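>>> quick one: sequence plus predicted model below, questions after.
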Amino acid sequence: MNDLLKQLTEAVGVSGAEKEVRLLIRDLIADHVDEWSVDTMGNLLATKRGTGEYDMRVLVDAHMDEVGLLVIEIDNNGMLKFVKVGGFDDRALLGKVVQVGPNKVTGVIGARAVHLLKGDEYTKVVKADAMRIDIGAKNKDGAAAKVSVGEYAAFVTPYEEVATAGGRTAIGKAFDNRAGCAALIELLRRKPYPFDLIAAFTVQEEIGLRGARVAAFAAQPDVALVLESTPAYDLPNEKDMPTNAALGKGVAVYVMDARTIQDPRLVAHIVRTAEAQGIPYQIRQPGGGGTNTGAIQRGAAGVAAATLAVPGRYAHTPTMMINLDDYDNMVRLADAALRGLTPELGARG
């Protein structure tokens with residue numbers, strides 16, 4: 001059992017309310033870094049001093065936040081109306097268990113019962129604005145005694161591991177991006193690098209890469225590496241479309257997405273490292289999406305940046321799935337690539 005992934009995925013940290021997961025990560029890294037701080041956005045920044053071989057600053061980023069819900073109204077029946085925090089497919093919400101607010105009040109996301117539907121209602125997707133969180137309250141006053149408007153709701157999904165023909169598989173919530181956070185924690189627990197490593201556990205990625213922009217400005221790095229979880233579109237489909245990334249085929253290496261063209265020197269360095277070390281990797285199909293690299297790359301006078309990711313099925317739903325070998329390979333490749341970095345790879349020219 002990967003206890004680190006279990007702790008991180010079961011913690012709460014919806015965008016804008018990352019305190020619980022931030023405190024957990026702080027405690028997990030405190031004995032392995034030289035200093036840490038929390039900025040006004042809520043980013044957790046930590047420095048691991050290097051051996052002094054190279055005079056350079058390398059930022060490694062992993063966002064802490066997860067998608068979730070925000071209570072915006074309590075109706076007369078004691079039901080909680082909500083909005084989505086982050087991108088969602090409404091079909092993933094009905095019937096899911098959530099915990100609301102700092103007291104973690106248990107609720108269920110519901111809508112009108114299926115046997116009450118009529119006509120074409122059977123074939124229509126129920127929209128989020130027609131759903132409510134039911135916490136079992138009898139009326140508005142009963143619900144207001146337990147929760148308040150403006151409180152966040154996070155999904156309740158226990159972490160599990162299963163053995164399959166395709167390898168070791170983990171099921172849980174928020175692998176996007178607690179997988180990246182876990183990998184970054186593992187890097188901080190290893191021996192020093194040839195340079196100072198600045199770890200940024202950032203906030204509010206899911207609603208616009210906001211924390212990373214602030215963290216990059218503060219760190220002023222020469223090079224940046226972003227650790228992520230990327231959606232795996234590797235299930236069978238009618239049009240037999242190519243997959244962007246697949247479970248069990250190794251860590252995903254970004255080349256381009258909707259927000260960035262990755263630094264080609266760093267991509268080449270990462271690929272050379274993977275091949276030299278025999279670490280399985282796959283090139284994520286260029287296209288849509290985006291990561292904190294999009295904010296970090298544009299920081300200051302520009303930062304040489306690249307992204308590694310664990311492929312994950314069912315992204316932005318209450319339950320995700322990753323391959324644990326892919327996760328281990330991301331840690332291995334990130335560590336090896338960082339140890340092979342030289343100042344030339346971060347030079348602007």
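That came through fine.
>>> kindly report the domain assignment for this protein.
Domain assignment for the chain, taken from automatic domain parsing, gives 3-66+173-346, 68-155.
>>> where among these is the average confidence lowest?
Sorting the domains of the chain by mean pLDDT places domain 68-155 lowest, at a mean of 89.
>>> what's the span of that one, first residue to last?
End-to-end distance of domain 68-155 (Cα to Cα, to the nearest Å): 7 Å.
>>> repeat for stretch 211-225
15 Å.
>>> quick check: buried residues in it?
Buried residues in stretch 211-225, defined by neighbour count with 16 or more other Cβ atoms under 10 Å: 211-216, 218-219, 221-225. The way it works is simple: take the backbone N, C-alpha and C, and place the C-beta from them, glycine included.
>>> dump those residues into TSV; add secondary structure and distance to residue 153 as well.
Formatted as TSV, the buried residues of stretch 211-225 follow (DSSP: H, G, I helix; E, B strand; the rest coil; distance: Cβ to Cβ, whole Å):
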residue	secondary structure	distance to residue 153
211	helix	21
212	helix	24
213	helix	26
214	helix	26
215	helix	26
216	helix	30
218	helix	31
219	helix	32
221	coil	35
222	coil	40
223	strand	38
224	strand	32
225	strand	32
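>>> out of the domains of the chain, nearest to residue 161?
Across the domains of the chain, the minimum distance to residue 161, taken as Cβ to Cβ, is reached by domain 3-66+173-346, at 7.1 Å.
>>> centre of the chain to that closest one, how far?
Mean-position distance between domain 3-66+173-346 and its chain equals 9 Å (Cα atoms, centre = their mean, to the nearest Å).
>>> with stretch 77-84 instead?
With Cα atoms, centre = their mean as the basis, stretch 77-84 stands 26 Å off its chain's centre.
>>> other residues contacting that stretch?
67, 69-75, 100, 107, 128-129, 131-135, 137-140, 142-143, 147, 153 (Cβ atoms under 8 Å, 6 or more residues apart in numbering).
>>> ends of stretch 57-72, how far apart?
Length of stretch 57-72, first residue to last, Cα to Cα: 42 Å.
>>> so which pair among the buried residues of stretch 211-225 is furthest apart in space?
Spanning the widest gap among these are 211 and 222, at 20.4 Å by Cβ to Cβ.
>>> quick one, what contacts residue 269?
So residue 269 contacts 337, 340-341, 345 (Cβ under 8 Å, 6+ apart).
>>> sort out for me which of these are in helices.
337, 345 (DSSP state H).
>>> with distance to residue 54 as extra columns, can I get the contacts of residue 269 in a markdown table?
Formatted as a markdown table, the contacts of residue 269 follow (distance: Cβ to Cβ, whole Å):
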| residue | distance to residue 54 |
| --- | --- |
| 337 | 14 |
| 340 | 11 |
| 341 | 8 |
| 345 | 10 |
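>>> put the buried members of the contacts of residue 269 into a ChimeraX selection.
If you want just the buried ones from these in ChimeraX, going by 16+ other Cβ under 10 Å, the selection is:
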select :337,341,345
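>>> now the strands for the stretch 151-300 of the chain?
152-155, 160-164, 167-172, 196-202, 223-231, 251-253, 281-283 (DSSP state E, counting those that start in this stretch).
>>> and of these, who's closest to residue 303?
That would be strand 223-231 among these, by Cβ to Cβ, at 5.1 Å.
>>> give me the sheet partners of that closest one and which way each runs.
Each strand paired with strand 223-231, and its direction, by DSSP bridges: strand 57-63 (parallel), strand 304-313 (parallel).
>>> in stretch 165-181, which residues are buried?
Going by 16+ other Cβ under 10 Å, stretch 165-181 has these buried residues: 168-181.
>>> could you redo the residues you listed as CSV and give each row distance to residue 326?
Shown next, in CSV, are the buried residues of stretch 165-181 (distance: Cβ to Cβ, whole Å):
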residue, distance to residue 326
168, 9
169, 10
170, 10
171, 14
172, 15
173, 18
174, 17
175, 11
176, 14
177, 14
178, 14
179, 9
180, 12
181, 16
